[in-house]
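[1] coordinates only, no sequence provided:
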């Protein structure tokens with residue numbers, strides 16, 4: 001949970017840095033912005049944790065997971081819309097979508113690299 005949220009901050013920061021590169025903020029500033037957004041996401045998770053526990057073995061658990069994810073994305077979008085409030089809504093929305101697409105691509109690449117490394121490690125004697 002919390003450790004993964006900290007480890008993912010640089011990945012989010014790179015995505016936002018690339019998506020908002022024309023806004024003239026450096027990578028360190030994007031790290032700070034994404035650390036703040038990550039703390040907001042963790043706050044949402046902490047607030048909803050009692051619901052997760054109460055619905056752990058019921059059909060509503062999926063609903064609570066979806067609610068948590070939607071609220072986390074919503075809080076992140078709100079954070080970026082506030083930070084880049086000088087942008088028009090249409091431009092801000094395009095950049096948010098671009099940021100999430102870049103983030104998704106980064107996660108796919110990181111996953112592929114990790115799977116490749118694991119396969120190479122497991123089959124190192126056979127290669």
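    Received the coordinates, thanks. As the structure is a computational prediction, the values presented were derived from the model and not from experiment.

[2] low-scoring stretches of this structure, by residue?
    Along the chain, segments meeting pLDDT under 70 span 1.

[3] one more pass at 90, please.
    For the chain, residues meeting the criterion pLDDT under 90 lie at 1-6, 24, 42, 44-46, 48-69, 89, 124-127.

[4] ranges for the helices of it?
    With DSSP state H as the criterion, the chain has helices at 2-19, 27-54, 61-83, 89-122.

[5] contacts for stretch 81-88?
    Stretch 81-88 is contacted from outside by 20, 23, 33, 92, 95-96, using C-beta atoms under 8 Å, 6 or more residues apart in numbering. (Each C-beta comes from the backbone N, C-alpha and C, glycine too.)

[6] that one: end-to-end distance?
    One end of stretch 81-88 sits 10 Å from the other (C-alpha to C-alpha, to the nearest Å).

[7] excluding chain neighbours, give the residue nearest to the residue nearest to the spatial centre of the chain in space.
    Centroid-nearest residue in the chain, with C-alpha atoms, centre = their mean: residue 12, separated by 5.6 Å. The shortest distance from residue 12 to any non-neighbouring residue, by C-beta to C-beta, 6 or more residues apart in numbering, is to residue 34 (4.3 Å).

[8] that neighbour against residue 9, yeah?
    Yes. If you go by C-beta atoms under 8 Å, residue 34 and residue 9 touch, sitting 5.1 Å apart.

[9] higher neighbour count, the two?
    residue 34 (24 against 19; other C-beta atoms under 10 Å).

[10] hmm, which two among the contacts of stretch 81-88 are most spread apart?
    Spatial extent of these (C-beta to C-beta) is set by the pair 33 and 92 at 13.9 Å.
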